[in-house]
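[1] Got a sequence here, can you model it:
(chains A and B, ligands or ions: 3)
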Amino acid sequence: MRDGIINILVVGIGGQGVMTAAEMLARTALNQGYDVKKTEVAGMAQRGGVVSSHVRFGPRIYSPQIDAGEADLLIGFEAAEALRWLPWLRPTGVAMVNTLRIAPPVVSVGLYDYPADPIGQLAASGVEVHAFDAGAIAEQLGNPKLVNSIMLGAISDHLPFPADVLKTAIIEGFRAYKPKLAEVNAQAFDAGRQAGHTDR
Amino acid sequence: MNAVVHAKAASRHLLSGNEAVARAAWEAGVRVAAAYPGTPATEILENIALYPDIYSEWSVNEKVAVEVAIGASLAGSRALAAMKHVGMNVASDAFMTQSLAGVVGGLVLVVADDVGLSSSQNEQDSRYWGRFGHMPILEPADSQEAYEMTKMAFDLSEQYETPVIVRMTTRVCHVKAMVEFTGERVEHPAAGFQKNPQRWVMTPANAKPRLALMHERDRQLRALSETSELNTAYVGSDRRIGFVTSGPAFMHVREAFPNAPVLKLGFSHPPPLEKIRAFAATVDTLVVVEETEALLETEIRAAGIAVQGKELLPRCGELAPSVLRPAIKALLGELHEAPKPLQAGVFPRPPTMCASCPHLGPYFALSHIRNLNIVGDIGCYTLGAGHPWNALDTCTCMGASLSMAHGMDKGRGASDEQKHIVAVIGDSTFLHMGMQGLLNMIYNRGNVTVLLLDNRSVGMTGGQENPGTGQNLHGLPAPRVDFVKLAEGLGVRPERIRTVDPYELPTIVKLVREEIKMEEPSVIITTRPCSLTDRFERFRPYAVVEDLCTGCGNCIDLGCPAISVARRERVATKSGKSRELVFARIDPNACTGCHMCAGTCAPAAIVQQSQDSVVRIQPHA
Ligand SMILES: Cc1ncc(C[n+]2csc(CCOP(=O)(O)OP(=O)(O)O)c2C)c(N)n1
Ligand code: SF4
Ligand code: SF4
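    Ligands and ions are numbered 1, 2, ... in the order given. I've put the predicted structure just below:
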């Protein structure tokens, strides 16, 4: 964090819920009284492309973009995507990574290789890395769509406001629109929060 | 239910620039809004559609949208048309003359420039249109300003009887930021159309006297720009460089140089040259930071003010802090120490067509037929230029495929003698601007095989409705154009109009082969909906039966992203050479059960999973 501004980069692939997670963070920060900007480039994201969403909040935010080397927190919904965006992280930054691997057609047909050990590569760069299989946790809780709440739970102890603030915001969101899913998302958040503390 | 629609004045919301424009239009009393989708502007109308007190529609193209808005304005209604930057090219014929005649109800054109080309065929600076068409330009830098300036634009438009351009960029349209509402809807009832031929019938005799009036309006707007509160100087302690900037570039300047004086131009055309001159006198060096062309810079220099700009900064793309810092440091003769970013090299992840996309079948066919020049158009099917199809040879602008194909036929060169010319176009693009090309080709006895890929959706921009889908912007039933009858009406012989299920691969390959041999235009129309829309029906997924798969790799050539390579094997052929076998697998989470790939598999190794054998597995590398 610099000048009281926190820069969070959420990355993954179109359709994974990257933008929803970033939106949740941005809304919560706004309600906590911060100035907030959130931006993403996801032109053709729904067709399997890279999605990155920048969330910045602090006393006053001008540019919405996070420059290379300026992110405090990198939330990776997919292992190779987290590695792709590593250059955006500060050397003192934290990477929270779902170990899911999704190979695009250019990899599966053999034009490119999927990195053998993306998490290892992240860690070798010296940043603080936490990695876990969010899909497995979601499966245990019985719904693959819980990955979002799990990832938010995982980073909740790296925010400038208490983890419970984010948790409450998520649950209230579900209470308002999908009340049946509120309880299981609360569990997912807690499970993610715990997983986020395991070392890679 | 959208919370913003019912929100009261003084409430605060996290809104994109596009959402902010929609709310502003509602508050400003807009009665008619029209648009054609296009990134990054699409959500402006989608959000306006949430406000029941505004009549809103998807028009068939941007020219039509602007003309609808003009008509509403002449009837006295406040009206808005929204479009992406290239939409202005299409609409320009309408506003170039209406700007001369003027407007009655406030008329605002919201145009979104895709600075950085996140999803466009070019990068163009719409601020030229303000100069060309004598219209004032407001340039918001974030959502709050998009909201405020849109409201102001309507007052300005009515006061000076001119269309007003609100110029957005991707970084305003799609950035979410805090917006505090300052009001609620204020109705502006329409007085009704007042007949006045001298004013509204732009014959040469009537138009000529309007020229002087338009130039007088320019003069008044220039004076207004000098005093407008939208053009504000921010003082700074470090006066070595003072910045003149507009739009989101202002945010980047403030971010990168928090101590520098900045003159922010929200009312950027006509530019307040005297205000700029006074500001220039307070700093050592004046630098213009504008996206993307050197418009302000040229005008400031022409006014005799010393200024720098594009010799320091790029002429394209976003002027982000990472771009500004090294350029300005160099100007100051300082060493710029960029933080050394960490390194990572990862494979590209280009966008692909979706699993079971109805465009896959036609591209499978085109990639298997030789001697074709394939003239393309804009939509999801433009991805057919990429891997694994490599079956699209041009893409220029919406609707160009048919007319360019016709020209390529008429202008055949020596190497084209044996070639067949094919045009590929989507339903929305055909209705936008493609029909004229077909009409022209028929009229002039051309010979092109047209693939009209009707997926009943504007797929590329997120699945909007169009006159071919049977629904309107609000999801209500609407008359649905009959493409077969339309083609026939334009003069295509009925025998040469063929409809085909794009999932039936052998059929579509055969059909394309037949039609390219014809000595007259053919239109092949596909009939399956976009897989991402509600019209699409999912079935149980398919799977590759390992024991039956011979490793021929045919199904991989289809390019369905649900199909991937399970393993490769090198084997010796009878002739003693070696051949690579490619065994496939299907991701059951991604497969929609469309059965298209089964048509590529000679040993019938691709079969639908039975009810109880559906396995959910994690995709892996
Ligand atoms: C003048 C203009 N307006 C809008 C766009 C944005 N745009 C690109 S493709 C497209 C329509 C695609 O629809 P369709 O032809 O039905 O093909 P699909 O994407 O569904 O395959 C639009 C609106 C553009 N490129 N140019
Ligand atoms: S959005 Fe629709 S048309 Fe576009 S690639 Fe996907 S299925 Fe095809
Ligand atoms: S059936 Fe074949 S072509 Fe259709 S979605 Fe499944 S894998 Fe793709």
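
[2] ok, residues contacting stretch B:313-328?
    Residues from elsewhere that reach stretch B:313-328 (C-beta atoms under 8 Å, 6 or more residues apart in numbering or on different chains): A:63, A:65, A:67-68, B:115-116, B:123, B:171, B:241, B:248-249, B:252-253, B:255-257, B:287, B:289-294, B:312, B:336, B:338. C-beta: built from backbone N, CA, C; applies to glycine.

[3] Could you pull up the mean pLDDT of stretch B:188-198?
    Averaged across stretch B:188-198, pLDDT comes to 97.

[4] ends of that stretch, how far apart?
    One end of stretch B:188-198 to the other measures 26 Å (C-alpha to C-alpha, to the nearest Å).

[5] Return the distance of the residue nearest the centre of chain A relative to A:Val41.
    Nearest to the geometric centre of chain A sits A:Ile75, at 3.0 Å (C-alpha atoms, centre = their mean). According to C-beta to C-beta, to the nearest Å, A:Ile75 and A:Val41 sit 16 Å apart.

[6] burial measure for the residue in chain A positioned nearest to ligand 3, as a count.
    Nearest residue of chain A to ligand 3: A:Pro105, at 11.5 Å (C-beta to the nearest ligand atom). Each residue near A:Pro105 was counted by other C-beta atoms under 10 Å in any protein chain shown, and the total is 23.

[7] From B:Thr600, how far off is it?
    According to C-beta to C-beta, A:Pro105 stands 15 Å off from B:Thr600.

[8] all helices in the stretch 351-500 of chain B, in order from the N-terminus.
    Secondary structure of the stretch 351-500 of chain B (DSSP state H, counting those that start in this stretch): helices at B:360-367, B:400-410, B:427-429, B:435-443, B:483-490.

[9] export these to TSV and tack on mean pLDDT?
    Shown next, in TSV, are the helices of the stretch 351-500 of chain B (pLDDT from 0 to 100):
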stretch	mean pLDDT
helix B:360-367	98
helix B:400-410	98
helix B:427-429	98
helix B:435-443	98
helix B:483-490	98
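
[10] of all these, which lies closest to ligand 2?
    Closest to ligand 2 of those, according to C-beta to the nearest ligand atom: helix B:360-367, at 7.8 Å.

[11] returning to that earlier point: just the buried residues out of the contacts of stretch B:313-328, in PyMOL syntax.
    The PyMOL command for the buried members of these (criterion: 16 or more other C-beta atoms under 10 Å in any protein chain shown) is given here:
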select buried, (chain A and resi 63+65+67+68) or (chain B and resi 115+116+123+171+241+248+249+252+253+255+256+257+287+289+290+291+292+293+294)
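
[12] Inside strands: which ones of the contacts of stretch B:313-328?
    When DSSP state E is applied, the contacts of stretch B:313-328 are split such that B:Ile241, B:Val287, B:Val289 fall in strands.

[13] export these to a markdown table and tack on pLDDT and distance to B:Arg456?
    Formatted as a markdown table, those follow (pLDDT from 0 to 100; distance: C-beta to C-beta, whole Å):
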| residue | pLDDT | distance to B:Arg456 |
| --- | --- | --- |
| B:Ile241 | 98 | 54 |
| B:Val287 | 98 | 51 |
| B:Val289 | 98 | 44 |
